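**Q** let's see this in three dimensions:
(2 chains)
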Amino acid sequence: MASQFKRTLVTAALPYANGPVHIGHLAGCYLPADIYVRYLRSIGHDVKYICGSDEHGVPITIKAKLEGTTPQAVVDKYHKIMGDAFKEFGISFDIYSRTSSKIHHQTASDFFKTLYEKGSFTEQVTEQYYDESAQQFLADRYIVGTCPKCKNPNAYGDQCENCGSSLNATDLIEPRSTLSGSKPVLKQTKNWFLPLDKLQPKIKAYIEKHADWKPNVYGQCKSWLDSGDGLQPRAMTRDLDWGVPVPVKGADGKVLYVWFDAPIGYISATKELLPDSWENYWKKEDSRLIHFIGKDNIVFHCIIFPAMLMEHGEFILADNVPANEFLNLEGDKISTSRNWAVWLHEYLLEFKDKQDALRYTLCANAPEAKDNDFTWKDFQTKNNSELVAIFGNFINRTVVLTHKFYEGKVPPANTYAKEDLIVLAELANAPDKIAKAIEQFKFREAITEWMNVARIGNKYLAETEPWKLIKTDEERVKTIMNIALQISCNLAILAEPFLPFTSKKLFGLLNIVPLKWPAAKHTGNVAQGHLIHKEELLFDKIEDSEIELQLNKLQKSKEANVSAKKAAPVKPETTFDDFVKMDIRIATILEAEVVPKTDKLLKLKLDTGVDVRTVVSGIAAYYKPEDIIGQKVMMLANLAPRKIKGIESQGMILMAENAKGELSFVTPTKTEIENGSAVK
RNA sequence: GGCGGGGUAGCUCAGCCGGUUAGAGCACAGGAUUCAUAACCCUGAGGUCGGGGGUUCGAGUCCCCCCUCCGCUACCA
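**A** Next up is the predicted model:
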């Protein structure tokens, strides 16, 4: 452990309280952080593990509206589900707090006030949609309208869920407020911005001091800093009524931006945990701050939060931000809305007392350097071929033999043979090897090294064959079994950060009060004559039927998604007069080329029957230029021209689009329909 | 298109400040064994290290170009 630090504060990303926790969350940050923290505790280092629910922000208010309840009720529900599941899974937070708490509101409010008084913010007036009947500004998610791209009439102000485009609220055609259904108006509003552009040099210096961070993290930060315009000012307040009120005069109806408020949650939770000594962890140079997060949070933890802390001035900055990539599930992205996930609270019910099987799999297959895939088959294999067959089996044979030969009493070690000394040396060496990997955040490597200790044990038994030797050399067997028991004990010690439930169970089996990490450097932790308990299996095999059950469950959510993908609802009624305003006609593509520096755009030359004109169309993903020369298409000919990537597009090709967003030309089926023929 | 991270045995990954015959686990094949949840132990097979150039006495490891996967970002009238 880096000796210049007297204490360590570990945070894990605050999970958002609008849904339960799934395996992706666990593998991303909660489990690695938990292993790290348990290890630090075991070596006697002063460490606190901080987390809590992130309970503000627009999606929660939307969810409340959908469910006909209050935001507070929503967060209460999920705060409990998440907190309980974490606890049962052995995630050993020192505190699991929440951002709707009083202490957090106070802390976040004070923090903002400090920056405000220091003049850290710039004020900017922008135009936002405002609902006059509800008398409030509308967050993007509170505005729906027709998507300008796919014409889905129910697109949100930030994104169209039909075609996946990201939008600005002002892009929507016929916007309406979800609060009242009325048409919102644009109105000026003032918000406070953190001028990241001005802070860029300081942030850059901070990041560059940490070139030793994981490549994905450091690279991502550099990417933000070095990209074209560099960092941009970012609004730290929002027009919303759910969150921490902005503590400034004239800021009625405004709250702190959820990403301003959430990381301060780490501070408030520490305060709540340690009312008298929290500042030791946040304000002393000999304290170390580490944020465990998923890759989607890198910018907030490496750039925005440090910038906030720098501006404040009293706090230390993160010494490391070990972010993991994403975990996929059976080849597909984990998705809450598509119910493509393994939910922790469900796992805990369906695999009772098998927390460590999942902990083992998620750690051994953690997405440390790249996205990884979780498959149930792999889970089964890791459980059956590694936990059961290697580790569990070693413990079991040792315990069985001890009872068989000595009625459960630990025999004395006599004279060590050469092979014994080799094994003992390897055993004594293991803690440092594992520790080194953990300290470098290489948890996969760490757990592999741990499993290797069990392999050493199995090999040792296979080579010394005590079950044979007992007939010819009883004294020698005593030494061998003593060593096997020492290995078992040290395995229990070293297992604790990874498999806390198993560690506890194994200590119980050995009838030993749990020991701490430094003891594992010694090879005489089990005393001669000590009585151990009767054998008891540490792990059960996981049967094919259990795996099939899970796969079926996933299959069902896949089917549910397909059937849910019905066609978009019919748009509001229109008139024939409006329809005939559209000049839709048949045209033929004469030329086609990819627009340089774009992925989706083709520049087309069309024969419309009356003229030849240029149209830019976003179809490059579906058609190659050389394949569509001569293609007859439908086009909207009297659409106002518009410049796209510097090219004037004089019309629009009409495309059919399916639920996946795939496009197809709509073509007349009879060849005698010539260019210029009207579509009506 | 820009930026970042990947592309190494059937699968999951390590190695990447260049240096002997490219590693591990799982899966597979053969053998040995019976203390053990048909588990353990040994042996083996399996890779032109995404492709192509270059630098070097020597490159998976450095440089250039290209292909491909993931993320952010631009573009879909």
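**Q** helices along the stretch 101-250 of chain A, start to end?
**A** Using DSSP state H, counting those that start in this stretch, the helices of the stretch 101-250 of chain A run over A:102-118, A:196-208, A:215-226.
**Q** give me the pLDDT value at residue A:568.
**A** What the model reports as pLDDT for residue A:568 is 61.
**Q** excluding sequence neighbours, find me the nearest residue to the residue of the stretch 501-650 of chain A found nearest RNA strand B.
**A** The stretch 501-650 of chain A approaches RNA strand B most closely through residue A:618 (2.4 Å), counting by CB to the nearest atom of the strand. In this view, the C-beta of every residue, glycine as well, is placed from N, C-alpha and C. The shortest distance from residue A:618 to any non-neighbouring residue, by CB to CB, 6 or more residues apart in numbering, is to residue A:600 (4.4 Å).
**Q** can you pull the contacts of that neighbour?
**A** Taking CB atoms under 8 Å, 6 or more residues apart in numbering as the criterion, residue A:600 is in contact with A:618-621.
**Q** cool, residue A:31 as well?
**A** Neighbour list for residue A:31: A:91, A:359, A:362-363, A:366 [criterion: CB under 8 Å, 6+ apart].
**Q** pick the one among those residues closest to RNA strand B.
**A** residue A:366 (8.5 Å).
**Q** so who does that closest one touch?
**A** A:27, A:31-32, A:324, A:327, A:372, A:443-444.
**Q** residue A:269 too?
**A** Going by CB under 8 Å, 6+ apart, the list of residues near residue A:269 reads A:50-52, A:95, A:97, A:104.
**Q** so which of those sit within strands?
**A** Counting by DSSP state E, those place A:50-52, A:95, A:97 in strands.
**Q** and those residues near RNA strand B, which?
**A** Checking the ones in strands among the contacts of residue A:269 against RNA strand B by CB under 7 Å from any atom of the strand, not one of them is in range.
**Q** re earlier: got the contacts of residue A:31 as TSV, with distance to RNA strand B columns?
**A** Below are the contacts of residue A:31 laid out as TSV (distance: CB to the nearest atom of the strand, whole Å):
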residue	distance to RNA strand B
A:91	23
A:359	16
A:362	11
A:363	11
A:366	9
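**Q** show me where pLDDT drops low in chain A?
**A** A:1-3, A:134, A:140-141, A:147-171, A:179-180, A:227-229, A:561-572, A:658-661 (pLDDT under 70).
**Q** try 50
**A** A:1-2, A:163-164 (pLDDT under 50).
**Q** in a markdown table: the helices of the stretch 101-250 of chain A, plus distance to RNA strand B and mean neighbour count.
**A** Shown next, in a markdown table, are the helices of the stretch 101-250 of chain A (distance: least, CB to the nearest atom of the strand, whole Å; neighbours: other CB atoms under 10 Å):
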| stretch | distance to RNA strand B | mean neighbour count |
| --- | --- | --- |
| helix A:102-118 | 25 | 18 |
| helix A:196-208 | 12 | 16 |
| helix A:215-226 | 2 | 16 |
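**Q** nearest to residue A:290, out of the ones you listed?
**A** helix A:215-226 (12.0 Å; CB to CB).
**Q** report the inter-axis angle for that closest one versus helix A:196-208.
**A** Interaxial angle, helix A:215-226 versus helix A:196-208 (axes from the mean of the first three to the mean of the last three CA atoms, to 10 degrees): 150 degrees.
**Q** got the CA positions of helix A:215-226 in CSV?
**A** Taking Å, rounded to 0.1, in the frame of the first residue of the first chain, the C-alpha atoms of helix A:215-226 are listed here in CSV:
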residue,chain,number,x,y,z
PRO,A,215,-5.7,3.5,-20.4
ASN,A,216,-9.5,3.8,-21.0
VAL,A,217,-9.9,6.4,-18.4
TYR,A,218,-6.8,8.5,-19.2
GLY,A,219,-7.5,8.3,-22.9
GLN,A,220,-11.1,9.4,-22.5
CYS,A,221,-10.1,12.4,-20.4
LYS,A,222,-7.5,13.4,-22.9
SER,A,223,-10.0,13.1,-25.6
TRP,A,224,-12.3,15.6,-23.9
LEU,A,225,-9.5,18.0,-23.2
ASP,A,226,-7.9,17.8,-26.6
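**Q** contacts for it?
**A** Applying CB under 8 Å, 6+ apart, the contact partners of helix A:215-226 are A:200, A:203-204, A:207, A:210-213, A:231, A:295, A:298-299, A:302-303, A:321-323, A:325, A:369.
**Q** so which of those residues are in strands?
**A** Those of the contacts of helix A:215-226 lying in strands (DSSP E): residue A:323.
**Q** please check the contacts of helix A:215-226 and keep the buried ones.
**A** Among the contacts of helix A:215-226, those buried by neighbour count (16 or more other CB atoms under 10 Å) are A:200, A:203-204, A:207, A:210, A:213, A:231, A:295, A:298-299, A:302-303, A:321-323, A:325.
**Q** so which bits of the stretch 401-550 of chain A are right by RNA strand B?
**A** A:401, A:404, A:444-445, A:448, A:455, A:458-459, A:461-463, A:465, A:467-468, A:537-541.
**Q** give me that answer again for 6 Å
**A** Within the stretch 401-550 of chain A, the positions lying close to RNA strand B (CB under 6 Å from any atom of the strand) are A:401, A:444, A:455, A:458-459, A:461-462, A:467, A:537-541.
**Q** and the residue nearest the centre of chain A, bridged to which residues?
**A** Geometric centre of chain A, nearest residue: residue A:294, 4.2 Å, by CA atoms, centre = their mean. Note on residue A:294: beta-bridge partners by DSSP bridges are residue A:324.
**Q** can you pull the contacts of it?
**A** With CB under 8 Å, 6+ apart, residue A:294 has these contacts: A:13, A:24-25, A:28-29, A:323-326.
**Q** would CSV of those residues with distance to RNA strand B be doable?
**A** Putting the contacts of residue A:294 into CSV (distance: CB to the nearest atom of the strand, whole Å) gives the following:
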residue, distance to RNA strand B
A:13, 15
A:24, 12
A:25, 16
A:28, 13
A:29, 16
A:323, 11
A:324, 11
A:325, 7
A:326, 6
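**Q** could you tell me which of the residues you listed count as buried?
**A** Among those, those classed as buried by 16+ other CB under 10 Å are A:13, A:24-25, A:28-29, A:323-326.
**Q** which residues of the stretch 301-450 of chain A fall in strands?
**A** A:323-324, A:327-329, A:332-333, A:372-374 (DSSP state E, counting those that start in this stretch).
**Q** ranking those by burial, who's on top?
**A** strand A:323-324 (a mean of 26; mean count of other CB atoms under 10 Å).
**Q** who are the packing partners of it?
**A** Helices and strands touching strand A:323-324, as assessed by 3 or more CB pairs under 8 Å, 6 or more residues apart in numbering; DSSP states H and E, comprise strand A:287-294.
**Q** please save the CA atoms from the strand it packs on in PDB.
**A** Taking Å, rounded to 0.1, in the frame of the first residue of the first chain, the C-alpha atoms of strand A:287-294 are listed here in PDB:
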ATOM      1  CA  SER A 287      -5.800  10.900   2.500                       C
ATOM      2  CA  ARG A 288      -6.500   9.100  -0.700                       C
ATOM      3  CA  LEU A 289      -9.700   9.400  -2.700                       C
ATOM      4  CA  ILE A 290     -10.700   6.700  -5.200                       C
ATOM      5  CA  HIS A 291     -13.800   6.700  -7.300                       C
ATOM      6  CA  PHE A 292     -14.900   3.400  -8.700                       C
ATOM      7  CA  ILE A 293     -17.300   4.000 -11.700                       C
ATOM      8  CA  GLY A 294     -18.400   2.600 -15.000                       C
END
